[in-house]
Structure formats: C-alpha cells, structure tokens
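> Structure for this input, please:
(2 chains)
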Amino acid sequence: MKLVTAVIKPYQLDAVKEALHALGVAGLTVSEVQGYGRQKGHTEVYRGAEYTVEFLPKIKVEVVTDEIDVEKVVDAVVNSARTGKIGDGKVWVTSVDDVVRVRTGERGLDAL
Amino acid sequence: MEINTGNTAWLLLSSALVLLMTPGLALFYGGLNRSKGVLNMMMMSFSCIGLVSVLWVIYGFTLAFGVNGNDGLNTVIGNFSYFGTGTSGITEEWLFFGAKTGIPTYAFMGFQMMFAIITVALISGAVSDRMKFAGWVIFALAWFTLVYVPVAHWVWGGGFVGSKIRALDFAGGTAVHINAGAAALALCLILGKRAGWPRENMRPHNVPFVALGAGLLWFGWFGFNAGSELTVDGTTVFAFLNTQVATAAALVGWVVVEWIRDGKPTLVGASSGAVAGLVAITPACGFVAPLPAVLIGLVAGAVCALAVGLKYRLGYDDSLDVVGVHFVGGWIGSLAIGFFATAQVNAGITDPAILNASEGLFYGGGVTQLGRQFLGSLVVTLYSFAIAAAIALIIRSAKGLRVSPEAEITGIDIADHGETGYDLTPSGGAGTGGGAFAMAGLTGTTPAQADTEGKAASAEKVAG
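Coordinates of the predicted model:
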C-alpha cells in the first residue's frame, strides 16, 4: 500500500476531490498547512516598507491506496491540481506497512 | 449682544464632529498596529477623552484662553479668568478676531476641549506596543499641562506666536500637528525601538480598520477646520471646501508616489494620504483659495509618503508614522500659508485690528509671512520636543516608561490591560468564566467544569 501526499493550492481542492472521486477513491484526508517552495512566499508593501510573507496557505491531501492504483491516483491529483503557474505544489508517495480500520479491526487492503 | 443661534449651533455640531475624530484615530492607529497591541493602541486614544476632558474644565481652558489684554504674562500663558465661572459663561460671548461672534464662552470651551483631546492622542501612534500604560497616562497629563495648554495660548489665546510673531494657524497646524509630531519624535527616541524593529514583520493587522478610521477622521475634520471660523460666513465655506479638495488631492499624491515606487496602489496608502492632506490643509484652510488647497494636498500627500521612510534611514521607531504624517504635514501646511494666504478668502489677515498679518508670497505679500510661519513653527517644534523629552526622561528614570521584554513579546494588551482584541479559537476560547472562576484558580477550564469545580473550590475555601 502507498500513501499519496499532495500539497496543493487551496482553490484546487475541489478539482482534486472530484478527480479522486471519479477514480473511486473511498476517502481522503485534508489539512490546511503553510509553507513555501521555489516561489519563496510573496512581498507586501505598507507605507513603502516591504514585508516578506514566507509561508503561504496550502492544502495537504492524503490518500492511502492500493499499490496497483497508485500511478492513477498520482496522475489524477497532478492533472487536477495543475494551473501551470508557480506554486502549484508537490505530490509524493511513501510506503505504508499496514492499515487498520478502527471500527472493525480489518487490516491491510480490506481496511481501505 | 444676543447669542447667535446659527453660529452656536454650527459650533456645537462641529464639537461633536471633532470628538468623533478621536475614536476614528483609535481605529486608524489600531488597524495599523499589530493585533497583539490593538487594544492598548485604542486605549491610549480613549484615555485622552477621559483625562483631557476633565483637566480642560478644571484648568486647561482658562490657562489656554483666559486673557486680560495681551501684555506681560498673558503672552506666555493665560490666566484664571475662566476658572470656576459656573453659569456666567452662558451669557458671556466669546471674542474672535476682535469681533463678538455671539457664541457662549462655554460652547467655545467645549469645541477647544475636543482639540486638546485629539492632540494628545495623536502622539500615541509613535509609541505603540511598548510603552507602559501608566507611563502613557503620566506623559499625557504632563504634556497636556506643560505643552498643549501654553502652546494653544501662544497660537490662539493671545500669546506671542499669534500676537507677536504673527504666525497664522487657522485650525491647528502648529498648535496641534507640529506640536504633537515633535512630542512624538522625542518620546519614541527616548522610549526606543520595538523589539525586532525593523527586522521583524510589523505590518498593519487590519487594513479595513485603517480605512474606516481615516474615513471617520475625514468626516470629523470638517468640524475641526470649518468649525474653527467660529462663525458661519464665507471663510467657513472656504475652510470646508478646502478640507475636501486638499484631502482628495493628498490621497491621489500619496497613491501616485507608491504606485511608481512600489508598483502597486494600496488602501493603507490612500488612507494615509488622506490623513496627510487633512493635516496639511488644517492651518491654511481658512486663508487660502481652493486651487492652492489642491496643490497643498498634492505636495503633502507625495512628501509625507516619502517622509515615512525616514525612520528606516535614520533609525528611530516612530511606529505608526506620527512624525512622517503629522509633523511633516503640519510644517507643509504652515509654510503654505506663507505662499498662498489671501485676504480674498479671509479679510482678517490684513486687518491691523484683527490678525495684522501679511498676504502670502504669491499674493504680493513678499516673504514676510513665510518667515513668520517658519518662526512660529520652529518655536513650537523646539518647545514641544524639549519638554516632551524632559517628561519622558523623568518617567524613564522612575522606570515607568517601557514594558518588560517578556510583556512586549507576549503583547501589551495582555500585559497591561488583561484583555485581547481577538479570540480566534474554534470553540470560542477556553472559557475562564469571569472573575469568580478566576479567583477560584480555575482559569483554562471550560465554563461548565469551572462552574462545578468553582463551587467545590469555594466550598472548600469556606470550610478551610
């Protein structure tokens, strides 16, 4: 099993959710996060004084998926989150040793 | 002479407008401040309404405007002729420019009270986030007594700036803005920089507050300027109109400068430009024609936009730019009188029995009045700066000027006032349930828990 983690622009969340839903992904976890990549935040100017806002608001989406489906999930996230502008985000994949469904105690793929 | 009901009605309305400027200033300054000090910032303005109103009635007004002729001590400070006058002022009509205006003395007292309040409040923008509130109160009391009252007398009450130097100040360029700006500079120099300035991000926490505050200041300023004629005549109309057009021009001037310099027009810039224009037109509004008023506004907006950057170059932390806006704007407006004042707007300028001043350079009066404006502004600058510095040094030596570094980092609102401006926790915050629960030592629990445990704790205390 794989954990697909994506950090995306906040207003792309709906598109990503729809794309994953269309793939049949059963559930996902979303959190509001802050960070910066190559764009290094942005600059605001008040009365001529520049302030650098380093950490931009982003959304982190996490999906645990079958190893066979992982490429489809990654593609769906990347394609739906892309605007072509700087700051679109990152997607990375990590291995997951086990998953347990709290309600029933099922393990592994059955718990997804 | 009968009471002139029209003049008196306008003056009372103007007084209310000028009072509104102080809460407007609180919003303007509060929005420009960081969120952890917003309440302290606003409290410094509101405290002036409380303190100065009381002192004005007791000794402020009579020492600023109590006059028996223009000789001797009366060129320096007023007398006690209005001390405890009670009801006699109701029928006694205020003299202005040598002519009776038909205004009860106490209406004039109320109008001038509002000026005294906001002048002291203006200073506070330089010291946000780090001055002990008790220190501020002592400073405000002392500066009001030792600086505002005599300077108001010098400029308007028959004192030497108006009667000997013959510098003109229609509504407070020297008495209010240069006066407050010079004090702000002295105070922030002695107080020192905010922790982290200028390295840390200290951007305004609520720009809509800034715009709302500027709007209220603009609205109230019509009373400030057009009320200062004390009668309703042609000059009143000029003062009103000039206030509008100069302010509008300054808004444009500031925004153009930052659009060129920084690449973007900002609402903070538009709001600040408006305030700079209001400041600059204040001394001149009853002496100049509308077209020069536009020019004064444009210059003030552009120059003040550049002047607020001085603190970064010179290294003094004037938190909210009281020096850059009020001191510089006040000087621009005061000197502008020397260029643009004309008897066509205010016949009193050239009347020896009234103002006995000269028309401006561009109206054939030469540089006489420009020199007088410079001298009058300089005297007020030096006096206010020196006395403000002395007061600040005395308070500092008594260790009452600055909050502790811990309190400054945590936020002066909590440290000095025990309250915070915003509660952004999802549950509405961990309720402390007020005084009773706090006394029971249950801060941080939920209200329901606190209720039960509070009773238990109280019972224990009783039992113990």
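
> who in chain A is up against chain B?
For chain A, the residues in contact with chain B (Cβ under 8 Å from any Cβ of the partner chain) are A:E44, A:V45, A:Y46, A:R47, A:G48, A:A49, A:E50, A:Y51, A:T52, A:V53. (Glycine included, C-beta is placed from N, CA and C.)

> Report the buried members of those.
Listed as buried from those are A:E44, A:V45, A:Y46, A:R47, A:G48, A:A49, A:Y51; burial here means 16 or more other Cβ atoms under 10 Å in any protein chain shown.

> Report the rounded mean pLDDT for the strand or helix carrying the first one.
Yep, that's A:E44 we're talking about. Using DSSP states H and E, A:E44 falls within strand A:42-46. Mean per-residue pLDDT for strand A:42-46: 87.

> How far off centre is the very next helix or strand once past it?
Using DSSP H and E, the helix or strand that follows strand A:42-46 towards the C-terminus is strand A:49-53. In terms of Cα atoms, centre = their mean, to the nearest Å, the centre of strand A:49-53 is set 28 Å apart from its chain centre.

> what residues are up against the residue nearest to B:A226 when sequence neighbours are not counted?
Distance criterion Cβ to Cβ, 6 or more residues apart in numbering or on different chains; nearest residue to B:A226, sequence neighbours excluded, is B:F240 at 3.9 Å. B:F240 makes contacts with B:F222, B:N225, B:A226, as judged by Cβ atoms under 8 Å, 6 or more residues apart in numbering or on different chains.

> can we see that at 10 Å?
Contacts of B:F240 were listed using Cβ atoms under 10 Å, 6 or more residues apart in numbering or on different chains, and they are B:W221, B:F222, B:G223, B:N225, B:A226, B:G227, B:E229, B:C285, B:G286.

> for B:W259, same thing?
B:P265, B:T266, B:G269.

> what about the last one, which helix or strand?
Taking DSSP H and E as the definition, B:G269 sits inside helix B:267-284.

> which one's the longest strand in chain B?
strand B:99-104 (DSSP state E).

> one step back: return the item of the contacts of B:F240 having minimum pLDDT.
Lowest pLDDT among these: B:E229, 94.

> so what's that residue closest to, chain neighbours aside?
In this structure, B:E229 finds its nearest non-sequential neighbour in B:T236, 4.3 Å apart by Cβ to Cβ, 6+ apart.

> Tell me if I am right that the one you found is in a strand.
No: read with DSSP: H, G, I helix; E, B strand; the rest coil, B:T236 is helix and lies in no strand.

> Get me the contact residues on chain B for chain A.
Proximity of chain B to chain A, by Cβ under 10 Å from any Cβ of the partner chain, involves residues B:32, B:198, B:200-204, B:207, B:210, B:254, B:257-258, B:261-264, B:266-269, B:271-272, B:304-309, B:311-312, B:320-321, B:324-325.

> Inside helices: which ones of those?
The members of the residues of chain B next to chain A that map onto helices under DSSP state H are B:32, B:207, B:210, B:254, B:257-258, B:261-262, B:267-269, B:271-272, B:304-307, B:311-312.

> And the strand holding A:E44, what does it pack against?
strand A:49-53, helix B:234-262, helix B:267-284 (3 or more Cβ pairs under 10 Å, 6 or more residues apart in numbering or on different chains; DSSP states H and E).

> on that earlier part again, buried ones in the longest strand of chain B, by neighbour count?
B:T101, B:G102, B:I103, B:P104.

> Can you pick out the most distant pair from those residues?
B:T101 and B:P104 (9.9 Å; Cβ to Cβ).

> Where do the helices of the stretch 101-250 of chain B begin and end?
B:105-123, B:133-143, B:149-156, B:160-163, B:179-191, B:207-226, B:234-262 (DSSP state H, counting those that start in this stretch).

> and among those helices, the most buried is which?
helix B:179-191 (a mean of 27; mean count of other Cβ atoms under 10 Å in any protein chain shown).

> quick one: that helix to helix B:149-156, angle?
150 degrees (axes from the mean of the first three to the mean of the last three Cα atoms, to 10 degrees).

> thinking again about what came up before, please report how far the residue nearest to B:E229 lies from chain A.
The spacing between B:T236 and chain A, counted by Cβ to the nearest Cβ, to the nearest Å, is 34 Å.

> Contact partners for that residue?
B:N7, B:W10, B:S14, B:N225, B:A226, B:G227, B:S228, B:E229, B:L230, B:C285, B:G286.

> circling back: which one of the contacts of B:F240 is nearest chain A?
B:W221 (20.4 Å; Cβ to the nearest Cβ).

> my guess is B:F209 contacts B:F28, does it?
Yes: with contact defined as Cβ atoms under 10 Å, B:F209 counts as touching B:F28 (7.4 Å).

> from the contacts of B:T236, which two are the most distant?
Among these, B:N7 and B:C285 lie farthest apart (Cβ to Cβ), at 17.8 Å.

> what about the two, which has more around it?
Shown here are B:N7 and B:C285; by other Cβ atoms under 10 Å in any protein chain shown, B:C285 has more neighbours (36 against 23).

> show me the contacts for the more buried one.
B:170-173, B:221-222, B:224-226, B:228-229, B:235-236, B:238-244, B:246, B:278, B:293, B:296, B:333, B:337, B:345-346.

> roughly how far apart are it and B:S163?
Going from B:C285 to B:S163 by Cβ to Cβ, to the nearest Å gives 21 Å.

> can you count the residues close to the closest residue to B:G360 other than its chain neighbours?
In space, and not counting its chain neighbours, B:G360 is closest to B:A341: 4.2 Å by Cβ to Cβ, 6+ apart. Neighbour count of B:A341, defined by other Cβ under 10 Å: 33.

> Correct me if wrong: B:A341 contacts B:Y363.
Yes: if you go by Cβ under 10 Å, B:A341 and B:Y363 touch, sitting 7.0 Å apart.

> Now the common contact residues for the two.
B:V288, B:A289, B:P292, B:I349, B:T350, B:Q369.

> Kindly reformat those residues as a markdown table containing neighbour count.
Listed next are the shared contacts of B:A341 and B:Y363 as a markdown table, based on neighbours: other Cβ atoms under 10 Å in any protein chain shown:
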| residue | neighbour count |
| --- | --- |
| B:V288 | 31 |
| B:A289 | 16 |
| B:P292 | 24 |
| B:I349 | 25 |
| B:T350 | 17 |
| B:Q369 | 26 |
